[in-house]
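# Here is my input; please provide its structure:
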Amino acid sequence: MRAWDPREPAPFALAVLLGFVVARFVGVAAHEFLGHGLFALAFGGSFYGAYVSPGSGFAFVFLPLGTPDVLDASLSLAGIFVELLFGVGVLFAYPRVRTFLGRLFALLLLEVLLVYSSVYLALGAIDATAGDAAHAAATLEAPHLVASFVVVGLLWAVAAAYWISLEVVRLTAPFASARRQFLYLGLFWFAPIAAVLPSLGFAVTVSAALLLYFALFLSVGGAVFVLSAYLASRLGPPPVAEERRPGRWAVLGIAFALVLVAWLGPFGPTEGTAHGVLFAEPPLEAEATFVGQTAVDVRVTLTRHLAVVLEFRFKGIPEFRRPLEARAWATFEDRAYFPYWVEFAQGLAAQITNVTRVAWNATDAQVDGSGTVWVQGEELANPRVVVLEANATYRPLFTNETDAGGRTFVTLAVFDPYRSGRVPCEGCFVDEFVVAWPGALGAPAYTLVNRTATGGRAEPLVTYDDAEDAYAARYRNLASEDAHAVYTVILERL
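Residues are numbered from 1 along each chain as shown. The predicted structure follows:
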């Protein structure tokens, strides 16, 4: 045979490696773009970013709020469904492929689209791997689906792997010894690992779920290979084997080069370093999916008529695993989805005071482009500011008035919703808590009798605004232990 004949073991292994990179890239692209992306767009959602590589991929998609759970679960499974559908199409087209390299590439496509996707359906159902099937089962609150996904996925994988192994034997060594047949089967199934390991090297610090999935994939995939290869070798290929011309290496080389340029260029080498492709700004409604931890500053202002005004300053502080996520989050710097922040503020307001959340109306909600939010000793720009007020009906609930010896005293007590235990959250606290009260120059006039804060250790900075004739006690907390649980102000009405 001629040098570089793909029917020889060494050239065959090279062809498998090059073809797998192309096939895997095509499969991941179909999974993310035609599966998750197209499904989201078809049901009125958004598809605004993606990363694709021969190792893994992800898509930034968002379905409108209120979308039924069944559609959300279907979106999770859409990528697998598209791969399987694409694989069935390749399977039907396979008999028309005439060259050795053409058939080998078709079998690699089937390996990716039918076997890999089926194994992913099975292993991705395990919660620890954080796969699409696990998300679908959790969304539908149907844990019984996990077992179904595992069983069905493994059965499909074994059936597809058996047929593919049979075709590999028929293509490479139909009348050779079992040892030589196993050599080609081993090269076909395990040479692709060399294309995956480089990106996995970066996953150690990026995704424990990916590492677990890869370990499970090797163990389960090895079992699938052994079973399918054994069956294929025992049953043997069909008695008639056609002699096929090798085909053109140039076509495979060009396809590999194009994939390499697309992979390392627009998308980036690994998920952990993915700059990826951001097609558009995420929809406003998607802001909450990025928020992560939230910086919370609260200002409680007691008015002269004993009403309370609450001003919240929020800033999401996400933890990003990928540069593409940071790029998507940066688009929210000067825009915000205020229904989320208003609802968040109303929930906290009910716990800061004794007034139910439905009583609080937002009188202002904006991104403060010239202001900041204080958190961990830093001033972060562009906070989301929400101002809440309750009508006069609820004023008696804010303060406690007492008369003693002809003097009238007003007590205002407000709570850190986290440190007081009213909102269960381990280690959470308000970063900055400000309590403000009216001074003695206006009418009615007030003078401070006592100011206390209990449960923490932060000392206040007390300031006076002569323009507003108002005092304010500012508490800045660097840790949960600094924040007080209750802040109390006792005033005398003059």
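# Show me the helices in the stretch 201-350 of the chain, by range?
Ranges of helices within the stretch 201-350 of the chain are 208-235, 249-262, 287-290, 323-330, 338-352, based on DSSP state H, counting those that start in this stretch.
# Low-confidence stretches in the stretch 151-300 of the chain?
Counting by pLDDT under 70, the stretch 151-300 of the chain shows low-confidence ranges at 194-244, 276.
# Run the chain-centre distance for stretch 45-57.
Its chain's average C-alpha position is 12 Å from that of stretch 45-57, according to Cα atoms, centre = their mean, to the nearest Å.
# and residue 21, what is it in contact with?
54, 195, 256, 259-260 (Cβ atoms under 8 Å, 6 or more residues apart in numbering). C-betas here are computed from N, CA, C, even on glycine.
# and which of those residues is nearest residue 131?
Proximity of the contacts of residue 21 to residue 131 (Cβ to Cβ) peaks at residue 54, which lies at 18.3 Å.
# Bridged to the closest residue to residue 375 other than its chain neighbours, which residues?
Closest residue to residue 375 apart from its sequence neighbours, by Cβ to Cβ, 6 or more residues apart in numbering: residue 295 at 3.6 Å. On the basis of DSSP bridges, residue 295 is bridged to residue 315.
# Near residue 146, how many other residues are there?
By the measure other Cβ atoms under 10 Å, the count of residues near residue 146 is 18.
# And for residue 4?
Residue 4 has 12 neighbours, counted by other Cβ under 10 Å.
# Is it located within a strand, as I assumed?
No - checked against DSSP: H, G, I helix; E, B strand; the rest coil, residue 4 lies outside a strand; its state is coil.
# where does the closest residue in space to it that isn't next to it in sequence land on pLDDT?
Ranked by Cβ to Cβ, 6+ apart and with sequence neighbours excluded, the top spatial neighbour of residue 4 is residue 11, at 4.9 Å. Residue 11 is assigned 91 on the pLDDT scale.
# Residue 11 and residue 5 touch, don't they?
Yes - if you go by Cβ atoms under 8 Å, residue 11 and residue 5 touch, sitting 6.0 Å apart.
# Who has more neighbours out of these two?
residue 11 (18 against 12).
# which secondary structure element contains that one?
Following DSSP states H and E, one finds residue 11 within helix 9-29.
# what distance separates stretch 4-17 from the centre of its chain?
With Cα atoms, centre = their mean, you get 40 Å for stretch 4-17.
# Mind listing residues that contact it?
Under the criterion Cβ under 8 Å, 6+ apart, residues 1, 100-101, 104, 108, 172, 183-184, 187-188, 191-192, 194-195, 246-247, 249, 252 lie in contact with stretch 4-17.
# If we use 6 Å, what do you get?
For stretch 4-17, contacts defined as Cβ atoms under 6 Å, 6 or more residues apart in numbering pick out 100-101, 104, 187-188, 191, 246.
# out of the residues you listed, who's nearest residue 430?
Proximity of those to residue 430 (Cβ to Cβ) peaks at residue 191, which lies at 56.7 Å.
# What does the closest one show for phi and psi?
Backbone torsions of residue 191, given as degrees, to the nearest 10, read phi -60, psi -30.
# Now stretch 78-95: buried residues?
For stretch 78-95, a neighbour-count test (16 or more other Cβ atoms under 10 Å) marks 78-84, 86-87, 90-91 as buried.
# can those go into JSON lines with extra columns for distance to residue 329 and pLDDT?
Shown next, in JSON lines, are these (distance: Cβ to Cβ, whole Å; pLDDT from 0 to 100):
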{"residue": "78", "distance to residue 329": "25", "pLDDT": "96"}
{"residue": "79", "distance to residue 329": "23", "pLDDT": "96"}
{"residue": "80", "distance to residue 329": "28", "pLDDT": "96"}
{"residue": "81", "distance to residue 329": "30", "pLDDT": "96"}
{"residue": "82", "distance to residue 329": "28", "pLDDT": "97"}
{"residue": "83", "distance to residue 329": "29", "pLDDT": "97"}
{"residue": "84", "distance to residue 329": "33", "pLDDT": "96"}
{"residue": "86", "distance to residue 329": "32", "pLDDT": "96"}
{"residue": "87", "distance to residue 329": "35", "pLDDT": "96"}
{"residue": "90", "distance to residue 329": "38", "pLDDT": "96"}
{"residue": "91", "distance to residue 329": "41", "pLDDT": "94"}
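# Just the ones of those in helices?
78-84, 86-87, 90-91 (DSSP state H).
# Now render the residues you listed as JSON lines, adding distance to residue 371.
Below are those laid out as JSON lines (distance: Cβ to Cβ, whole Å):
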{"residue": "78", "distance to residue 371": "42"}
{"residue": "79", "distance to residue 371": "42"}
{"residue": "80", "distance to residue 371": "46"}
{"residue": "81", "distance to residue 371": "47"}
{"residue": "82", "distance to residue 371": "46"}
{"residue": "83", "distance to residue 371": "48"}
{"residue": "84", "distance to residue 371": "52"}
{"residue": "86", "distance to residue 371": "51"}
{"residue": "87", "distance to residue 371": "54"}
{"residue": "90", "distance to residue 371": "57"}
{"residue": "91", "distance to residue 371": "60"}
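# That'll do, ta.
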